[in-house]
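> Generate coordinates for the sequence data below:
(chains A and B)
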Number of protein chains: 2
Amino acid sequence: MPDALAQLADLLGPRLVTTEADRRLHGQNETWYPETLPSAVAYPETTEEVSAILKICHAKSLPVTAYGAASSLEGQHLALNGGLCLDMARMNRLLSVTPEDLLCVVQPGITRKRLNEELRATGLFFSVDPGADASLGGMAATRASGTTAVRYGTIRENILGLEVVLADGTVIRTGSHARKSATGYDLTHLMIGSEGTLGIITEMTVRLHGQPEAVAAATCRFGSVEEAVNCVILTIQSGIPMARIELLDQFMVRGFNLYSKSALPEVPHLFLEFHGSSAAVAEQMASFGEIAEEFGVSGWQTATQAEERNALWAMRHNAHYASAALGAGAGGGHVWPTDTCVPISRLAEAVTWAQEKTVEMGLTATIVGHVGDGNFHVGLSVDPEDKAVMARAESFAHALGEKALSLGGTVSGEHGIGIGKQHFMADEHGTAVATMRAIKTALDPTNILNPGKLLPPA
Amino acid sequence: MPDALAQLADLLGPRLVTTEADRRLHGQNETWYPETLPSAVAYPETTEEVSAILKICHAKSLPVTAYGAASSLEGQHLALNGGLCLDMARMNRLLSVTPEDLLCVVQPGITRKRLNEELRATGLFFSVDPGADASLGGMAATRASGTTAVRYGTIRENILGLEVVLADGTVIRTGSHARKSATGYDLTHLMIGSEGTLGIITEMTVRLHGQPEAVAAATCRFGSVEEAVNCVILTIQSGIPMARIELLDQFMVRGFNLYSKSALPEVPHLFLEFHGSSAAVAEQMASFGEIAEEFGVSGWQTATQAEERNALWAMRHNAHYASAALGAGAGGGHVWPTDTCVPISRLAEAVTWAQEKTVEMGLTATIVGHVGDGNFHVGLSVDPEDKAVMARAESFAHALGEKALSLGGTVSGEHGIGIGKQHFMADEHGTAVATMRAIKTALDPTNILNPGKLLPPA
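The predicted structure follows:
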């Protein structure tokens, strides 16, 4: 270990940091996982450096965990067992934009907001929006999603190719600048969502979308979560190309009012966005409005100005902190965030089950979700010091995952497995876990890449 | 070998066939590859049978090649070296439809036309349309695409999950009925496009789309291929949600006239389709029309009746046979079909290069393509007995692949690698070929699954 770190220090000079302050900074997370300090933090600047780092780590069996914006919610970025934290912050450039092909090439450390700022003059945008200002590398590694996935796809549909450094330092390139290909195994998608356990992403070719001619946002209210969700289900089944369709239950709205100083009526809401030509947006809104009438919609508010829309989505994006604000009275203001995704026809059943179960278990909880995909989050207010409430939160999160599986869904629509959901892997994937393990062993035989994540212990 | 076949005969009874007639039937292909007879043909009826077959083949090192509708164009379905042909024709049922989730579950032997016939009453359709009436299992295995991919995605975007039998007979399930998931390695996409070399697909969960309220097809003409392609490029860049946008060069149109007895002017054409509400279709057509005017469009014909549209697309789908008809005078009426896909901004350059090169090389060739994706086909008329023309065809196909790579594209947008394009794998994928080989070895250590396909010899 000291030998590996000495070699890394020789390679990186002052960009290998072992101070406690920096290690502590990199050991934090947005949720309830305890502080987890890496042995050292490396700040590579080039693919060649990442390759050289991995060669050393491979030879010396030093674990390596990539680190982006630390916004992951299942502890994916935490270096366990004293490994190396590979902070990609210095590899954060937009390398090229090809507007005529609706794509750009970026380094993994760039965050989605900065990318969109840099793209503004092109009339194009990067669509994937998980709320947090995540790094693109982290988004790829965790198969991120978010509010616009219903229209533009998750990160999975928005990456054309990757440059990846494998465990032994080999650099590979996947995909191309073409829209599609039928040549060879789909290593791009194998790497997306692998949580840094199969390789370190060092470059990404990313799809962009044209800024729509017209954008309109809206909010509306429903008498119950079930009515709101049934409105969503019919909207999606009707093929209305919603750009965003987000559910907020009454507790989430209360959290928004507390955290964002809004004064929304504390009943279930949908937050919506429509993209298209002016005529198309008007038609979509009218079609949605007709469906919503069937479910007793009220309080329809539209926001066509960019400032109003931005305020609306900023409020939505602060859901995690609003959940914390709601629970601040009850404990330390920590949130245990869990997410699942179910077939859309089972969404009302899943959401109402979750609401009733949290009440039954005496948990303070919010529900918010990318419901157009069947994906929703339950934010449980917890005090990590309160063992009883933590046990109940864990019990609820487990029951929710099993409920999603029983409905034909998945234990996570976008947060991933990380540390927190490995116990579900066998339940969700059965015999395929062994297949995943065989691939992991083939690509990382000494298990240096983010060990202790995604795959359950053998 | 005889021992393995004896065990298979015990298992399958009359559904293991070793007659020359059946072996010859399964040794044919749509293109120029020589007849290739398997040792025997198995007709499994259940996943359990496929698993039992693979256990025997695994134990006895008998190669296994899955066989669907035999419409693959790079010989993917041909059992080399006397292996077993696994004909999936008896596993061809639509197992369930869940209209409210826009999905169905099918067995791999069902063909796309039959699936759409069975779905008709639901108001939903399966969108992927490679022209041939391919089996869905074959489409998944070869990462098929086609005319509607520009709007609805390729098969890659239209599969939610798979049941797969691995080389040793283990049955795994990938994906779920939810739209997305962030849990575990993406084995669904690893299997899609693996050409039967990693597992045998025995069940598929497939996305469906709502029949659009309005559909309009149209054809129009341009003075040159370059003008037609530049019109396509600007259309895609403008974000018009084309349902289909197909280029036909003047030689392809001549082939259509010969084969389909049409009387189209023998100049470059675009064949188009628009889907949406009536208002949206009208708006899309008007927007496209404005762009097309810039490129000197003429001869605009619309087809709004289903019969007219069907006739139009039937003509397009017979492109392979129309290419053969065009070359029938020059040789045996065989076609060497090759395809590439490039970034859309490089499409005009690629297509005009291909046209000029075929003329320069004295080859009779057609160009037709799913140009909205940057994907096009060159159909070379060949006589497999004429060694000189075969050598020129091979030389052209190689040069076209290298040209596509030099433009940032791929050597195949939809036909795949199979037997015919392995020599490109290192050029396109570089060091990643070794990664693919490591995965192949991990999942199929004795190399019984479609050996001799996709990966070049070690």
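
> Please count neighbours and contacts with C-alpha atoms only from this point.
OK.

> which residues of the stretch 201-350 of chain A score low on pLDDT?
A:329-332 (pLDDT under 70).

> Quick check: residues of it near chain B?
Applying C-alpha under 8 Å from any C-alpha of the partner chain, we find that the stretch 201-350 of chain A lies next to chain B at A:210, A:237-239, A:280, A:341-345.

> Strands - which of these land there?
A:210, A:341 (DSSP state E).

> now, among the residues of the stretch 201-350 of chain A next to chain B, which is nearest to A:Gly420?
A:Cys341 (16.5 Å; C-alpha to C-alpha).

> now the closest one, nearest residue through space, not along the chain?
Leaving aside its chain neighbours, A:Cys341 sits nearest to A:Asn375 (4.0 Å; criterion: C-alpha to C-alpha, 6 or more residues apart in numbering or on different chains).

> Skip the chain neighbours and tell me the closest residue to the closest residue to chain B within the stretch 201-350 of chain A.
Nearest to chain B, among the residues of the stretch 201-350 of chain A, is A:Pro343, at 4.4 Å (C-alpha to the nearest C-alpha). Nearest residue to A:Pro343, sequence neighbours excluded (C-alpha to C-alpha, 6+ apart): B:Ala178, at 4.4 Å.

> Quick check, A:Ala134 in contact with A:Gly68.
Yes. A:Ala134 lies in contact with A:Gly68 (C-alpha atoms under 8 Å); the separation is 7.3 Å.

> More neighbours: those two, which one.
Higher neighbour count among A:Ala134 and A:Gly68: A:Gly68, with 25 against 22, using other C-alpha atoms under 10 Å in any protein chain shown.

> Quick one, grab the pLDDT at that one.
On the pLDDT scale, A:Gly68 is placed at 98.

> got the contact list for it?
A:77, A:87-89, A:108-109, A:134-135, A:137-138 (C-alpha atoms under 8 Å, 6 or more residues apart in numbering or on different chains).

> Determine whether any part of the lengthiest helix in chain A lies close to chain B.
Secondary structure of chain A per DSSP state H: the longest helix is helix A:387-406. No. Applying C-alpha under 8 Å from any C-alpha, one finds helix A:387-406 separated from chain B by no less than 8.7 Å.

> Give me the packing partners of that helix, helices and strands only.
strand A:334-341, helix A:347-360, strand A:375-382 (3 or more C-alpha pairs under 8 Å, 6 or more residues apart in numbering or on different chains; DSSP states H and E).

> Tabulate those (CSV), appending distance to A:Ile367.
What follows is the helices and strands packed on helix A:387-406, written out as CSV (distance: least, C-alpha to C-alpha, whole Å):
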stretch, distance to A:Ile367
strand A:334-341, 10
helix A:347-360, 8
strand A:375-382, 5
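
> Switch these over to CSV; also include mean neighbour count.
Output for those, formatted as CSV (neighbours: other C-alpha atoms under 10 Å in any protein chain shown):
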stretch, mean neighbour count
strand A:334-341, 27
helix A:347-360, 18
strand A:375-382, 28
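
> quick one: which of those is nearest A:Pro451?
Taking C-alpha to C-alpha, strand A:334-341 is the member of the helices and strands packed on helix A:387-406 nearest to A:Pro451, at 22.0 Å.

> residues in contact with stretch A:282-296?
So stretch A:282-296 is contacted by A:222-223, A:227-228, A:230-231, A:234-235, A:240-242, A:274 (C-alpha under 8 Å, 6+ apart).

> same thing but 6 Å
Contact partners of stretch A:282-296, identified using C-alpha atoms under 6 Å, 6 or more residues apart in numbering or on different chains, comprise A:227, A:231.

> got it, and stretch A:109-116?
A:68, A:88-89, A:91-92, A:125, A:133-136.

> What of stretch A:399-410?
Stretch A:399-410 is contacted from outside by A:340-342, A:411, B:176-178, using C-alpha under 6 Å, 6+ apart.

> Tell me where the stretch 51-200 of chain A has strands.
For the stretch 51-200 of chain A, applying DSSP state E, counting those that start in this stretch gives strands covering A:64-67, A:84-87, A:94-98, A:103-106, A:124-125, A:159-165, A:171-175, A:200-207.

> got JSON lines for those, with mean neighbour count too?
What follows is the strands of the stretch 51-200 of chain A, written out as JSON lines (neighbours: other C-alpha under 10 Å):
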{"stretch": "strand A:64-67", "mean neighbour count": "28"}
{"stretch": "strand A:84-87", "mean neighbour count": "26"}
{"stretch": "strand A:94-98", "mean neighbour count": "15"}
{"stretch": "strand A:103-106", "mean neighbour count": "23"}
{"stretch": "strand A:124-125", "mean neighbour count": "20"}
{"stretch": "strand A:159-165", "mean neighbour count": "24"}
{"stretch": "strand A:171-175", "mean neighbour count": "23"}
{"stretch": "strand A:200-207", "mean neighbour count": "26"}
